[in-house]
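Visitor: Using only what follows, build the 3D model:
(chains A and B)
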Number of protein chains: 2
Amino acid sequence: MGNKVTPRTLSGFMELLPQEQLKFDKIVRTLQDVYASYGFLPLDTPILESSEVLLAKAGGETEKQIYRFNRGDTDLAMRFDLTVPLAKYVAKNYSNLTFPFKRFQIGKVYRGERAQKGRFREFYQADIDIIGDTKLDIVNDAEVPSIIYNIFTNLGLDDFTIRINNRKVLSGFFEILELSENVTDILRIVDKIEKIGKDAVAEELALLGATSHQCDQILEFIGISGSTEEVIARLRSYGGANTMFDAGVDELEAVVKGIAAFGVPEKNYKIDLCIARGLDYYTGTVYETTFNKHPEIGSICSGGRYENLAEFYTDKKLPGVGISIGLTRLFYILSTMDYLNDNSVFGADVLVIPMTGDLSCAIQVSTRLRNSGIRTQIYFEQKKFKHKIGYADKLRIPYAAFIGEDEIASGKVTVKNMKTGEQRTEALDVLIPVIQEELKQNQAQKIISIL
Amino acid sequence: MGNKVTPRTLSGFMELLPQEQLKFDKIVRTLQDVYASYGFLPLDTPILESSEVLLAKAGGETEKQIYRFNRGDTDLAMRFDLTVPLAKYVAKNYSNLTFPFKRFQIGKVYRGERAQKGRFREFYQADIDIIGDTKLDIVNDAEVPSIIYNIFTNLGLDDFTIRINNRKVLSGFFEILELSENVTDILRIVDKIEKIGKDAVAEELALLGATSHQCDQILEFIGISGSTEEVIARLRSYGGANTMFDAGVDELEAVVKGIAAFGVPEKNYKIDLCIARGLDYYTGTVYETTFNKHPEIGSICSGGRYENLAEFYTDKKLPGVGISIGLTRLFYILSTMDYLNDNSVFGADVLVIPMTGDLSCAIQVSTRLRNSGIRTQIYFEQKKFKHKIGYADKLRIPYAAFIGEDEIASGKVTVKNMKTGEQRTEALDVLIPVIQEELKQNQAQKIISIL
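Guide: Here you go, the predicted structure:
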């Protein structure tokens, strides 16, 4: 052949080597299993949608980043999140769904951002949402942090904090300060406090027209800290002046009490009055989750309560609460920090190595292993022994099973533990439980391991 | 709100209701588990690629169907199969891969076909391939049908036939007939015999310039049938005249003998000399799989052996063997024929229904159930009892657990089997094993059920 095309992958598109892909997939399965354990139903919407549908609500930055194109007469766009497709889906299938509708979706989304390290144009989001019909009980807002807690502990991370706030508390407070005209702007500024610091926040608030007294009040307020009981008590001291504020405090209290009932340890959650979430969309509870050791990463799981999921598509009032994990970015960060556990994933459990030209015994052994739940590959290529055993080594397969003339004659199998080098010749009936036991230990290893 | 956008999904894009999505996902997990049981490694390549890379080889019909567009200076295309991205991946990562490289990929691909019933523009393919470096043993070609066999029997289908042929046998035979100039055309015509019939094949062969004697010979040859031994014996009678033919028969014999060693029952495979697969790409073994009761569907799993996976990207010789399942189409067909088993999928196992305002006991019960591997949802909404129990019914949740004052006082739980209506009040320790046992039976139900 003459000219070759250079095989390359677009910048901003993650494509993993097998050992890394195994890790990514282990994370995905952990999420799927946790979501399913709470009764969330799977959903898989198209990646391509009509632009009219997908952009019913979009605007600003997001719209500029969208992969949009025409094919024939059709104006198409690739989804940029999983929320808009959910809104479309619920509005479209309203009469066929049972509410509260709990769904999870783990899928790729597309944003044509400026390429830079750690920024992806194609990336996975993992979303859960609980959608009510007209109403949705506040207890759902308390269940969500228990799911976040279960996700991260199941992945192997325990040094994280779920930060909880309520936008009604913030908005109500700003109304008390007679700053109600600027609530959205103030929330946007307050939301940046961790990034830009107190002074810069005060400066921006002043530019917005807040007096220095108002600034002080805001900074004091968002600085309230302590146990959840202490924070609720401090908030109650502002009570009685604004109904929205009081409703927000009631909700916040219900949520933090609920979280305790769900068994989330106190060290893993707190009220943080700085959290506002930039999006207009949230109307009550808001969440962010931070990795205590690495606050610089920002939130690794965020979400909140919204009043109306699908107002661009339907008159039905569909309140909901949900969270989203930016999985590709999280994976990239954990991988860069070397926090992913190589010993938690194996592409196969046993490599069967035939030592003679007669493969039938090797095939039978493999079938029996597979039927015992042991993932088994046979090395069929005619290579030197060194090459065959090297294959198991390179692929990190924990066991090699040799089937030579002795084994064929005796009906036994010689198995080598590739990690310890230990080798034994036994009947399969004896070997299978031993292998199963070690595999169970491997499978129980968490994917995130921080030493 | 004023004008609403009608929530709709593009035609040719499958978007399932939750109960159907559960079934689709059960199929996907079954495939993932079978592939993994043979040591195939997962792969997840981008959906968007540079057009130059993706279209290095494409042409004709396929190229016209591609979703291709520009963004800035970049000419982009959405993948139309999983083979080209695999070729790119292997060429790009050659030095980081261990050969034979066994990979599976289950992912969406895009083809802008004319919209019609049962045709999809976005659809899942489920592919496995085994790629060798320079060489790949023929035994791999025998392992592949054993994987096909395992996939379909694990899904619940047993009335299928894996049809096997070898293109060297066909090409060699046409050379014996001195028709070697037209081999590709003849293969294309022969491949259509099931669709268009013997006479139409003879007519097309005549148009190609074949004499009536040659036509008769071809039709007789591709009509050879019988047990695999009988067919091989008949083929041997043509032997000695053409080295390619003889090599093909040797390969075919090795493959069918290997399949038997892999334990595939004779009723599930046969040699079918009509099978050629349209693609130029295949050079040896070819497979098609048909659903005996429904030959009109055509092949539900096809593939074969190729000499050179990635010749457009690299000088390395990378032979391989693989198969592909058009999952979305298969799902559509099974669903239309009502062959998908509703009793094999459940979105949750237990719905906990709090009967008082005190939720803490309900939450504790749920947590214990979840920790026992039982997927548990709590009904939090303040609705009438009828509505609560109706929720379990509509979502087909097999058990409802009531937590009322009596239960809170006694520490017991009242559980109702939603199918039988049977209700019992017991301690959780007693109930959990009962529920687990029934769930195990549900989980063991195959997704395909043909009565």
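Visitor: which SSE is the nearest residue to A:I389 once chain neighbours are set aside in?
Guide: What sits nearest to A:I389 in space, not counting adjacent residues and going by Cβ to Cβ, 6 or more residues apart in numbering or on different chains, is A:A400, at 6.1 Å. Where C-beta positions appear, they are placed from N, C-alpha and C, glycine not excepted. If you go by DSSP states H and E, A:A400 is part of strand A:399-403.
Visitor: starting at the chain centroid, how far to whichever helix or strand comes after that strand?
Guide: Sequence order places helix A:405-410 as the next helix or strand after strand A:399-403, per DSSP H and E. Chain-centre distance of helix A:405-410: 50 Å, with Cα atoms, centre = their mean, to the nearest Å.
Visitor: what secondary structure does whichever residue of the stretch 351-451 of chain A sits closest to chain B sit in?
Guide: Across the stretch 351-451 of chain A, the shortest distance to chain B (Cβ to the nearest Cβ) belongs to A:Q377, at 2.9 Å. Three-state call for A:Q377 (DSSP: H, G, I helix; E, B strand; the rest coil): strand.
Visitor: the strands in the stretch 1-150 of chain A, which residues?
Guide: A:41-42, A:48-50, A:68-71, A:74-78, A:101-110, A:122-131 (DSSP state E, counting those that start in this stretch).
Visitor: strand partners of the second one, parallel vs antiparallel please.
Guide: In the sheet containing strand A:48-50, its partner strands are strand A:74-78 (antiparallel), by DSSP bridges.
Visitor: tell me the contacts of A:Y89?
Guide: Shown in contact with A:Y89 (Cβ atoms under 8 Å, 6 or more residues apart in numbering or on different chains): A:43, A:45, B:7, B:15.
Visitor: repeat that with 10 Å
Guide: A:43, A:45, A:82, A:97, A:101, A:103, A:105, A:131, A:309-310, A:313, B:7, B:9, B:15, B:17 (Cβ atoms under 10 Å, 6 or more residues apart in numbering or on different chains).
Visitor: Which members of the residues you listed are classed as buried?
Guide: Burial by neighbour count, 16 or more other Cβ atoms under 10 Å in any protein chain shown: within the contacts of A:Y89 this picks out A:43, A:45, A:82, A:97, A:101, A:103, A:105, A:131, A:309-310, A:313, B:7, B:9, B:15.
Visitor: low pLDDT regions in chain A?
Guide: A:1-2, A:58-60, A:278-279 (pLDDT under 70).
Visitor: residues touching whichever residue of the stretch 1-150 of chain A sits closest to chain B, list them.
Guide: Distances between the stretch 1-150 of chain A and chain B by Cβ to the nearest Cβ are smallest at A:G39, namely 2.9 Å. Applying Cβ under 10 Å, 6+ apart, we find A:G39 in contact with A:100, A:102, A:130, B:346-352, B:366, B:370, B:375-379, B:395, B:397.
Visitor: at 7 Å instead, please
Guide: Contacts for A:G39 (Cβ atoms under 7 Å, 6 or more residues apart in numbering or on different chains) come out as A:102, B:347-348, B:375-377.
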